[in-house]
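S.K.: All I have is the shape, not the residue letters:
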C-alpha cells in the first residue's frame, strides 16, 4: 500500500501549486462578450468558456448558412403568415422603441444578426423582427396578437443553446426575454428563489452567494444563459450529480400559452399534491407549449468547503472504477465527477498554451469536486480517496487544489473544452445519455468511422480536426464532439444517422440535456416510440391548437387557386415589403404586348374600365404603373394637378370606353399660405384615366391616370353642378373612411401622392397636429403596396406639427419653472425626432448599384452664372429622391427653429424661483446651439434642388410647400438685415416656371378623352 508520504509531494508540492496559479492566472480574466459583461462584473471568477469571443468570429469566418438551406427537408408551414409593417407597428406601439428591433420597416440586418445566429455559428434564421417584452402582460399581448394573426414565434433566452432551438428557422418573430431580468424574492429560511425568466444564471448564483446559498445548476455558459431558458431545456450541467435535475428543483413557474393565456403556477412550496403537476410539461418543453416568464426554485445552502481534484487514467475502464470508488468513499459530499479524454485536453492545450496540471499526458482525465460543511473533514476524505485509487493503480497521477485560484484553474480545463473545440472553425455536437459501461465506446466507434472515411487529419486538407468525448460521468451524459475546420456534408453523412442508431441499440437518449431543437427534432424516434411521440403531439395540440383550417383569401377562392394567404375581416394581411403585397400563391400576371391586344379590352361607352394593378404591386410614388383591364395590361403614367374642374363634355358616340373631355382653368401654383386651417383638409378629387386602346410605340406610356384635386371647394357650384360630389357637411371625410379604405388602387395612390403629402404639409405650416401621425395611418394603407423612403419620411414629418403646436402653446407664458420643464420635455421630443430624420437621411443617401450618391452638385456651364443665386444646382439619382430631400430639408429648417426657440425658453431665468434660476440640463439635452443656427443652408439646398425636381415631376404642386418655406425664411432675414433680396427674386421667378410646368400638364389633360374611375 502506498504511504501518505508518497502522495503528499504530488498534492502539495510548492512548484505544482505555482504552476497551477500561473495556469489559471492568464485566462481566468479573459474578456467576455458584451451580453455577459454586466453579469461577469458581479459574478464569481470561475472561467466562463462560452462567453468568450470565439476565435472563429475574430478570424472572419464566412457567413453562416441559412438553417432553411442546411435543412431543406424542413418546410415553412403555410399556415403561418409573414410579418408585415402593420404587425411591426403594433409591436412598436405595445413595447416602445427599446422593446423592438424592427427590420420590417427599415434595414436592421446588423442589429438582428446576433439574434438570428446561434453561438456555434451553425444555425441562422431569417427573422426581421425581435421583440423584447419587459413583463408577463407584454408577453401575453404579444402571443395573443400572434395567435390571432397566425404569426410564428421563437422564444429566446441567452441564445446559448446547442441544437438550434433558440433561433428561428425561417422568418419567425424572435421573443427575446433579456428585459425580464428582475430577481423577485428570496426566502433565506427555505431557500426559495423567485426570478424572471430573463435573469442570467450567473447573476442569480452571485446573488445567492451573498445570502449563503447556491443555484442548483451550473453551466459553462452561466455568464450568458437565462434561468428561463435553463428550465425550458431542463439543462443538466455540472451540479446535477449533487442537486438533481430541474424537474426536482423547480417549485413553480409562470408561463404564457400560445393564445396569450397566463398560467400562474408560481408555487413556492415543496409539497403541493393537488392534481396534475402541470409545470413539468414546461420544464424541458423547449418553449413548444408556452413561454416561461417566472420561475420559483429551491436553492441549497452554499457549501463552506469545496475541494477539487484532477487526475489522469490509462483507460476508460479505470475511469469507471474511479467513479465507483468516489461514490463509495466520498458519498454525500461528491458534487461533480467529470470525464475528459486525452484528445480534448490536447486541443485545449493547443489553443491556450497553458501548462498542463499533470506532468505526463494520459488517455483519460477526471475532475472530482466535493462540497461540504467541514473543510478539514472533506479534505481528508478526498485525500484518502486519491490515496486509495492510486495505491490500487486506478489513477496514474493526480493533483489536489490548495486554494480557490487553483480550483478555478482546474475547472478551466473542463469548462474550456467547448470554446477551444470551435477554434478551428466549428463543432458537430452530440449530447447523449448512454449506460456507463458503453459510454466512451461511442467515441471510439465514431472516430473509427471518421478515419475510415478519410475525414480526420492534422492538415487543412482534412475537414475534421478530431473526435473527442467528455461529459458528466456522474449522470451518464457524454458530449461527443467533432471539431472541424469547416462544415462538410461528408461528415454529416458519416455521423447521421450512425450516432443515433448506435444510441438506439443501447436504449440510450439522443438528447441528455441540450434538448431537441432543430438538430434532433426529426430523430426523436431513435429515443421515443410512436406511442410516446403521439402523446407529445396531443399535448402540443392541446396547448397550441392549429388544425390547418384557416380562412382563405377571396381572390384565390374565386379563381379556384390554392391559397397560402388568408383574409380576416376583409383585410388581407400577408403582404410584406419583399413580396410587394402579393400572396405567395398568386402567380404574377403576364403583360401582353400591344400587338396581341384585341377589342376585348374595350368597354361600353357608359361602363368605366375596371383597372387593377398587376402583381407584384409597386409603390404609389412610381410614376408608371401597370394596370390590367380584363387581362389587357397598360403601362399608365400617374399625374396629379391642383385645379378647378370647369366643365365636362361628353364625347361622340362610338368612341369606345372613354366618356368625356374636361376643361380646366389656367393653372396657378397652389398658394399654401392661404390654405384653410380646418380640422381636415376636405380635399376633393376626381380620378380620371385615359387609355390608348391600340397601344403605343417606342415604349411610351399607354395611358394616363390623373388625380384632379382641389382643397376646400366642396360647396362651390359651377355651371349648375357640384363637381366634386362632396357635401359641405361631410368634413373630415378621409378620417371617417379610415385607413383601410386606402389600401387599394386608386384610393391608395390618391392618399399617398395627393392627400397625405398635402395634409401633412398643411398641418406643418399651420403648426397643428394631424391624425395622420397615428400608427394606423402610417401602416394600414401600405398593407398591400410597399413603402418608399419618401413614405417613411412623411411618417416622421407627420409628428412634427404636433410638437410645433405644443411649443406654440408653451413659449408665450411667463418664465416659470413649470414652463421650463415643459420646454425641456418638448426639446427632448425634438431631439428624438431629429435623430429619426438623421437615420432616414443615412439610409436615403446609401449608394446603389446605379448611383454611388443620392445627389451631387452640378456646376453651371456659364461661369458668369455663378453670380446668380443657386446657380450650382443639385442633381439627384431620380425625381422622387429630389422631392424626398426637399421635404427633408424643409422639415429640418422648421425643426431647428423650434429647437432654438425651446433652448432660449429653457435658459430664460426663472426670477421668482431663485434656486432654479438657471437650468441644469441632463446630458441628452445639452446641445451646441450653433448647430441650430444654420438654417440658411437648408433654405439654400431647397432652392438648389427645385430645378431638378421641377424637370422630373409630374406633380408640380409637391414643390409649392418647400418653396414657400424657403421664401418665408429669406423674407425674414431680409426684414431684419436687408439681406436675401436676390434669393427672394429667384423664388418669385421660380413660381412662374412652376406655373408653366403645371400648365403643360393641364394642356395634356385637356387634350385627351377620359373615363372617371374614382371620386371623393
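M.R.: Yep, it's here. Because the structure is predicted, anything quoted here is derived from the model rather than measured. Numbers count the residues shown, from 1 in each chain.
S.K.: if you average pLDDT over stretch 272-282, what comes out?
M.R.: For stretch 272-282, the mean per-residue pLDDT is 85.
S.K.: so how far is the first residue of it from its last?
M.R.: Stretch 272-282 has an end-to-end distance of 17 Å (criterion: CA to CA, to the nearest Å).
S.K.: which other residues reach it?
M.R.: 231-232, 247, 250, 252-253, 255, 263, 265, 289-290, 292, 539, 543 (CB atoms under 8 Å, 6 or more residues apart in numbering). Placement of C-beta: from N, CA and C, glycine included.
S.K.: With stretch 981-992 instead?
M.R.: 669, 868-870, 939, 943, 946, 950, 963, 966-967, 970-971, 974.
S.K.: do stretch 800-811 as well
M.R.: Counting by CB under 8 Å, 6+ apart, 760, 763-764, 766-770, 773, 819, 822-823, 826, 829-830, 833, 891, 894-895, 898, 901-902, 905 sit against stretch 800-811.
S.K.: Got a quick ChimeraX command for the buried subset of the contacts of stretch 981-992?
M.R.: To isolate the buried members of these in ChimeraX, using 16 or more other CB atoms under 10 Å:
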select :669,869,870,939,943,946,950,963,966,967,970
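S.K.: Dump the contacts of stretch 981-992 to JSON lines, plus pLDDT.
M.R.: Below are the contacts of stretch 981-992 laid out as JSON lines (pLDDT from 0 to 100):
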{"residue": "669", "pLDDT": "72"}
{"residue": "868", "pLDDT": "64"}
{"residue": "869", "pLDDT": "73"}
{"residue": "870", "pLDDT": "77"}
{"residue": "939", "pLDDT": "92"}
{"residue": "943", "pLDDT": "93"}
{"residue": "946", "pLDDT": "93"}
{"residue": "950", "pLDDT": "93"}
{"residue": "963", "pLDDT": "93"}
{"residue": "966", "pLDDT": "93"}
{"residue": "967", "pLDDT": "92"}
{"residue": "970", "pLDDT": "92"}
{"residue": "971", "pLDDT": "91"}
{"residue": "974", "pLDDT": "88"}
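S.K.: hmm, which two among the contacts of stretch 981-992 are most spread apart?
M.R.: Across these, the longest distance by CB to CB is 23.9 Å; it joins 950 and 974.
S.K.: related to what we said a few turns ago, please tabulate the contacts of stretch 981-992 in a markdown table, including the columns secondary structure and distance to residue 612.
M.R.: Shown next, in a markdown table, are those (DSSP: H, G, I helix; E, B strand; the rest coil; distance: CB to CB, whole Å):
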| residue | secondary structure | distance to residue 612 |
| --- | --- | --- |
| 669 | coil | 34 |
| 868 | coil | 48 |
| 869 | coil | 47 |
| 870 | coil | 43 |
| 939 | helix | 43 |
| 943 | helix | 41 |
| 946 | helix | 35 |
| 950 | helix | 32 |
| 963 | helix | 36 |
| 966 | helix | 40 |
| 967 | helix | 42 |
| 970 | helix | 46 |
| 971 | helix | 47 |
| 974 | helix | 52 |
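S.K.: and after the helix or strand hosting residue 735, which helix or strand comes next?
M.R.: Assessed by DSSP states H and E, residue 735 sits inside helix 733-737. Proceeding N to C from helix 733-737, the next assigned helix or strand is helix 747-750, under DSSP H and E.
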